[in-house]
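Asks: sequence? don't have it. structure:
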């Protein structure tokens, strides 16, 4: 039996087993492992649905939808963490999502695409704007940290600064969508001729693809809630820091949808769509998801500020710097992908040893 035929039975089986483990309150490690397996299958389902939607809507819109629905897992996980008051793990998961997309997802896509095609090109103007937005994200995180000694962590002034910065970042992201999807849509379109799909047809119709997107997102929501409930005991049992669990374990599991779709698109010589998924997802986390979580936390009566740990700020800045350096010319090769992955491993080891 082929892997494709095993996918849906695996999806149903892991989802059912994860539900049973959760409701029967089994061992926390077993619950975490089953939830992680289930969310990988659910994220794969999500990626397959978004790729099918991309066939009808185009690579640019498809990449945006993949990033958006792919980030649904991180957003849902983070909301549950916010409700539990685990702000440090939330910030770590945001950090992990940003560096995971910029280094791991983009790195794997560029490497695998580069091994098949000597050089891959995409819109250099889009790359330039993406770089500017990434730098804006870094600046917005550095400013609250710089004013920490003046305002004090958790104080009214710091919370006010975090809320104002979050509102401005959301506004900047919405303006970017207006700029890139409406007013300058043609200028930012990927005009590079890419490898045709050889007559490949999408797995499902347009309506069915959208329906499956919704179903997959709901499945991810349930599994995410079950997994969050095990994180604290799991990290204590294995002596892992909340920083490492949030920045790498949660982020890798949550980014599974982007992993599969971006790599598959890059191997079809659609590097523009792959870059849109990887970098677009990081921008969405930094400019939209993070700020939204600040407002969500304020509604619970305990506002999460935007003060990240120095190691988190350094990791994000490093990831943005090398991703900008590699993508700004609008062309990629396998060596650049390898460099991104090496930086990711270096950061992973450093986070693990904290």
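Replies: Sure, I can see it. Since the model is a prediction, treat every value here as computed from it, not as a measurement.
Asks: list the buried residues in stretch 51-68.
Replies: Residues 51-55, 57, 59-68 are the ones in stretch 51-68 that count as buried (16 or more other Cβ atoms under 10 Å). Quick note: C-beta positions are derived from backbone N, CA and C, even for glycine.
Asks: list the contacts of the nearest residue to residue 241 once chain neighbours are set aside.
Replies: Nearest non-adjacent residue to residue 241, counting by Cβ to Cβ, 6 or more residues apart in numbering: residue 354, 5.5 Å away. For residue 354, the contact set (Cβ atoms under 8 Å, 6 or more residues apart in numbering) comprises 241, 243, 244, 311.
Asks: what does residue 115 give?
Replies: Taking Cβ under 8 Å, 6+ apart, we find residue 115 in contact with residue 334.
Asks: and the one 4 residues further on, by the same measure?
Replies: If a contact means Cβ under 8 Å, 6+ apart, then residue 119 has 331, 332, 333 as its contacts.
Asks: show me how to select, in PyMOL, the buried members of those.
Replies: In PyMOL, this line selects whichever of these come out buried by 16+ other Cβ under 10 Å:
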select buried, resi 331+332+333
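Asks: quick one: contacts of stretch 144-161?
Replies: 143, 162, 165, 298, 303, 305, 306, 307, 308, 310, 313.
Asks: could I get those residues in JSON lines, plus columns for secondary structure?
Replies: Formatted as JSON lines, the contacts of stretch 144-161 follow (DSSP: H, G, I helix; E, B strand; the rest coil):
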{"residue": "143", "secondary structure": "helix"}
{"residue": "162", "secondary structure": "helix"}
{"residue": "165", "secondary structure": "helix"}
{"residue": "298", "secondary structure": "helix"}
{"residue": "303", "secondary structure": "coil"}
{"residue": "305", "secondary structure": "coil"}
{"residue": "306", "secondary structure": "coil"}
{"residue": "307", "secondary structure": "coil"}
{"residue": "308", "secondary structure": "coil"}
{"residue": "310", "secondary structure": "helix"}
{"residue": "313", "secondary structure": "helix"}
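Asks: just those residues now: which is nearest residue 127?
Replies: residue 313 (23.7 Å; Cβ to Cβ).
Asks: wait, the closest one sits on residue 141?
Replies: Yes - Residue 313 is within contact range of residue 141, at 6.0 Å (criterion: Cβ atoms under 8 Å).
Asks: quick one: contacts for the residue lying closest to residue 170 once chain neighbours are set aside?
Replies: With sequence-adjacent residues excluded and distances taken as Cβ to Cβ, 6+ apart, residue 170 is closest to residue 291, at 5.0 Å. Residues near residue 291 by Cβ under 8 Å, 6+ apart: 165, 166, 167, 169, 170.
Asks: tell me which element residue 291 falls in.
Replies: Using DSSP states H and E, residue 291 maps to helix 290-299.
Asks: separation between residue 305 and residue 292?
Replies: 15 Å (Cβ to Cβ, to the nearest Å).
Asks: and those two? Which one has more around it.
Replies: The residue with more neighbours, out of residue 305 and residue 292, is residue 305; 24 against 17, by other Cβ atoms under 10 Å.
Asks: I'm done for today, thanks for sticking with me.
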